[in-house]
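1. my questions are about this predicted structure, shown below with the sequence.
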Amino acid sequence: MEKNADRFITAFNDIDKYLRTKLKEDNNTSFYTLVNKAAERYSVIRRFEKDLKDFGDLRNAIVHSYNRDKVIAIPIDETVRNIEDIERAIMNPEKVGQKFKRNVTTVNVNSYLSDILPAMKDYLLLTEDCRLFDCSSFCRFRFHVTS
């Protein structure tokens, strides 16, 4: 089989096996059904649902060739990279803690402004009408003031 086809089938089979294990489904369940069931439970599958179903069709074209020695469909490099990226995203989904993790600097009422302001300068903006705008909600740095 062609190199891209081999890589594609390997990634596809890994996804298929992972979904069957997660959903406790046997080999009689179609890949489309697996994807539908998994999409109901897992957001990462919902995000790639259409791609996964398209990959199922491509997999069938590769595997069920009219001639065992000749592949009738060969995935292009971009498609192989895409299924491998999706495989990684499914196998190692981003955790909530990773997505929203932020550094927190703790200061108290006795802290000197000369110590605090340099660290805050990137997270506070002064508007034209001299109001402070806190942009810390958009940044990866937070302050927590304790007494």
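-> Okay, I see it.
2. quick check: end-to-end length of stretch 91-110?
-> Length of stretch 91-110, first residue to last, CA to CA, to the nearest Å: 48 Å.
3. any buried residues in whichever helix in the chain runs longest, and which?
-> Of all the elements of type helix in the chain, the one with the most residues (DSSP state H) is helix 3-23. Neighbour-count burial for helix 3-23, counted by 16 or more other CB atoms under 10 Å, picks out 4-5, 7-9, 11-12, 14-16, 19-20. Just so you know, the C-beta spots here come from the backbone N, C-alpha and C atoms, and that holds for glycine as well.
4. nearest to Ile45 among those?
-> Proximity of the buried residues of helix 3-23 to Ile45 (CB to CB) peaks at Leu19, which lies at 7.6 Å.
5. may I have the secondary structure class of the most far-flung residue of the chain relative to its centre?
-> Taking CA atoms, centre = their mean, the residue of the chain most remote from its mean C-alpha position is Asn110, at 42.9 Å. When classified by DSSP: H, G, I helix; E, B strand; the rest coil, Asn110 comes out as coil.
6. tell me the contacts of it?
-> By CB atoms under 8 Å, 6 or more residues apart in numbering, the contact set of Asn110 is empty.
7. for Phe55, same thing?
-> Counted by CB under 8 Å, 6+ apart, Phe55 has contacts 8, 12, 15, 83, 86.
8. which one of those is nearest Asp57?
-> Checking the contacts of Phe55 against Asp57 by CB to CB gives Phe12 as the nearest, at 11.0 Å.
9. and for that closest one, nearest residue in space, chain neighbours not counted?
-> Counting by CB to CB, 6 or more residues apart in numbering, Phe12 lies nearest to Arg59, which is 4.9 Å off, once chain neighbours are set aside.
10. next: Asn82.
-> Asp51 (6.9 Å).
11. isn't Tyr18 up against Asn92?
-> No - between Tyr18 and Asn92 there is no contact under CB atoms under 8 Å: 10.8 Å.
12. distance check, the residue nearest to Asn82 against Ser114.
-> Separation of Asp51 from Ser114 (CB to CB, to the nearest Å) stands at 54 Å.
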